[in-house]
Structures are given as structure tokens and as C-alpha cells.
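1. the following block contains a protein sequence and its predicted model.
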Amino acid sequence: MNSGSNRFVIFASLLIIVFSIPLIAFQSTNYLPLGASMAEGYEMPLPMGLGLTYYFQDQFYELDQIWIDIEIFDPEVIADEIKIDNHTTEMSLKLDMWLFPFLNLFGLFGKVEGNTDIDLGTLYSDMKLSYDGYVYGIGANLAGGWKSTFANFNATYTRTRLDQEDSSVEAWIISPKVGLHFNQPWILWDMSIWTGGMYQEYDERHTGKIDVIGFGNVSYDVTLAEKESWNYLLGLTTGLSRHIHLEFEGGFGKRSQLASSLTYRF
């Protein structure tokens, strides 16, 4: 079993344990979140949520290392000319649980598709890498508030198993946010708006074969990393009812992104 499979088993096992213990111990989500008295005076969302999320991201990468099976290829010669642009779309299911009033835990699983364009400059033809695969991850969200204001800190680990042999994407993501909460505005159940930032640490590797003009079908091994770690966020969530919630979030700066989700809480 390779390291990617080992991590998958470890994180899947941790996720099952995290979600099973309180449900087995108390047999009902009516007992969640634990320590609900700590949120006295505030209405907590229903403890469990199952959501569908669409995510799009466009960002520039920097080259960590590149190997192409061409004798005359020297990456140092064209290092200043290399430009890398990545586009990613993802559809995922997310299961979350408020274990405590200040701590939300979640796991996700989904399908990802991406395109990475590597401009090797004037001496070589561009590399266009298209891929798809399955993404899985776990995370935690620490939250707190005072009156109508709130703050939270989200940390997520994801790993993507790509259709290419020995190709993978691993990411650590953190998002600090601050915002305002409105109880039953207009005809809606509730609504929150926020701003913040997102830090991403990516490790993306691709291996395989590609056609290079003048050289035919050659092997390659490319490792990429994010060029800019931070960007800004703006978001909105609204409850259509106590059970159904919509969320939209956009990112801007050196990296652009858009996320939308529909969640059923119970």
C-alpha cells in the first residue's frame, strides 16, 4: 500500500471515529452540540449537515521541479520564461457536525477536474496537462461570536487521487473570517455576511507522457506549488428555512475562486 492509500485509510478512519462517538454515545443528534449551555442566548444551527458544493479556482503556479526526457532540455535555461496557469473545478459532498458550540468538524468527498498550462518559453512547445480524479479531506472550524458579530477559523486538509499514474494533489488550507449575523432578515430564516482570507499550500505532481513537437512522445515529471499563498474572501450564507441553507463565497487577488453550496441540516 502506497503512502497516498495509507493517508486515505488514516483520514477516513479518523473521520468515522469522530462522527460515530457522539452519535453512538447519545443515540440522537438532540444531544448535540455537547456543552450547548455555553451558547446560551444564541440560536445554534441544527447539529448535522449534508451539503453539495461546487468550487472553481484559477491561479498561477510556480515550478518546483521539472524533468522532460529530452537530452537538450535544461529547465534552468528557461526558468525565467516558464509561466504556469491552473484551472480547477470540483463537485463534492460534505458532512459536518457541531460537536461543541465552538467546534464544527467535517469530511468531504468529491470529483475534481483540472487543466494546467505550462508555457516553456520560445524554445519548446507548451505543455497542457488535463486531469481528473477524486478528492477527499477532513477539517475543523473554530467559531465564536458576540452579539451580531462572529469570527471563525477554518482548517482543511485535502488529497486528490488523479487518473494519471503517480500523479496527485495535496493541499493544506486555512481561512480566518469575521462577519455579521442577521436573525430573520426580510423573509429569510437568517443571513450572515463575512470577509476574510484564505491561505493555500499546494503540492501538485504530474507524471506521464506528452507529445512534444520535434521530439515525439516523451516522458515528463513535474512538481508544482502555489505562486501566491494568500487571497481575499467575501461570502454570504442564508437560511431558506431552519433545515435548508445556501452559501456563496468568492475569492479575489492573485488567486480567484468561486464556491456555492446547498446544505440540509438535521
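-> Okay, I see it. Here the structure is a predicted model, which is why all the values come from computation and not from measurement. Numbering: from 1, shown residues only.
2. who touches stretch 253-262?
-> Contact with stretch 253-262 is made by 51-60, 94, 198, 200, 226-228, 230-232, 244-251, as judged by C-beta atoms under 8 Å, 6 or more residues apart in numbering. C-beta coordinates here come from the backbone N, C-alpha and C atoms, glycine included.
3. how far away from the center of its chain is it?
-> How far stretch 253-262 lies from its chain's middle: 10 Å, per C-alpha atoms, centre = their mean, to the nearest Å.
4. now do the contacts for the residue lying closest to Tyr131 once chain neighbours are set aside.
-> Spatially, and ignoring its direct neighbours in sequence, Tyr131 is nearest to Leu162 (4.9 Å; C-beta to C-beta, 6 or more residues apart in numbering). Neighbour list for Leu162: 131-133, 168-169, 206 [criterion: C-beta under 8 Å, 6+ apart].
5. before we move on, what about Ile70?
-> By C-beta under 8 Å, 6+ apart, the contact set of Ile70 is 212, 215, 218.
6. can you classify it by secondary structure?
-> Following DSSP: H, G, I helix; E, B strand; the rest coil, Ile70 is assigned to coil.
7. that one and Gly208: what is the separation?
-> Note on Ile70: its distance to Gly208, by C-beta to C-beta, to the nearest Å, is 15 Å.
8. over to Phe109?
-> As judged by C-beta to C-beta, Phe109 and Gly208 stand 25 Å apart.
9. okay, and for the stretch 151-266 of the chain, where does confidence drop off?
-> Applying pLDDT under 70 to the stretch 151-266 of the chain flags residues 165, 184-188.
10. that one: strands as residue ranges?
-> Assigned by DSSP state E, counting those that start in this stretch, the stretch 151-266 of the chain shows strands spanning 168-183, 190-212, 216-226, 230-239, 244-252, 256-265.
11. any idea which of these gets closest to Pro33?
-> strand 256-265 (12.5 Å; C-beta to C-beta).
12. buried set for the closest one?
-> 257, 259, 261, 263, 265 (16 or more other C-beta atoms under 10 Å).
13. next, the angle strand 190-212 makes with it.
-> Per axes from the mean of the first three to the mean of the last three C-alpha atoms, to 10 degrees, the angle that strand 256-265 makes with strand 190-212 is 130 degrees.
14. restrict strand 256-265 to CA atoms and write it as PDB.
-> What follows is strand 256-265, C-alpha atoms only, in PDB (Å, rounded to 0.1, in the frame of the first residue of the first chain):
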ATOM      1  CA  SER A 256      -9.600  33.800  -8.000                       C
ATOM      2  CA  GLN A 257     -12.200  31.400  -6.900                       C
ATOM      3  CA  LEU A 258     -16.000  30.800  -6.500                       C
ATOM      4  CA  ALA A 259     -17.800  28.400  -4.300                       C
ATOM      5  CA  SER A 260     -21.500  27.700  -3.900                       C
ATOM      6  CA  SER A 261     -23.200  25.100  -1.700                       C
ATOM      7  CA  LEU A 262     -26.600  23.800  -0.700                       C
ATOM      8  CA  THR A 263     -26.800  22.200   2.700                       C
ATOM      9  CA  TYR A 264     -29.500  20.300   4.500                       C
ATOM     10  CA  ARG A 265     -29.200  20.400   8.300                       C
END
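15. tabulate the CA atom coordinates of stretch 49-57 in CSV.
-> Taking C-alpha atoms only, stretch 49-57 is exported to CSV below (Å, rounded to 0.1, in the frame of the first residue of the first chain):
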residue,chain,number,x,y,z
GLY,A,49,-25.3,19.0,7.9
LEU,A,50,-25.1,17.3,4.5
GLY,A,51,-24.1,19.6,1.7
LEU,A,52,-23.4,19.7,-2.0
THR,A,53,-20.6,22.1,-3.1
TYR,A,54,-19.4,23.4,-6.4
TYR,A,55,-16.0,25.0,-6.4
PHE,A,56,-14.0,26.8,-9.2
GLN,A,57,-10.4,28.1,-8.9
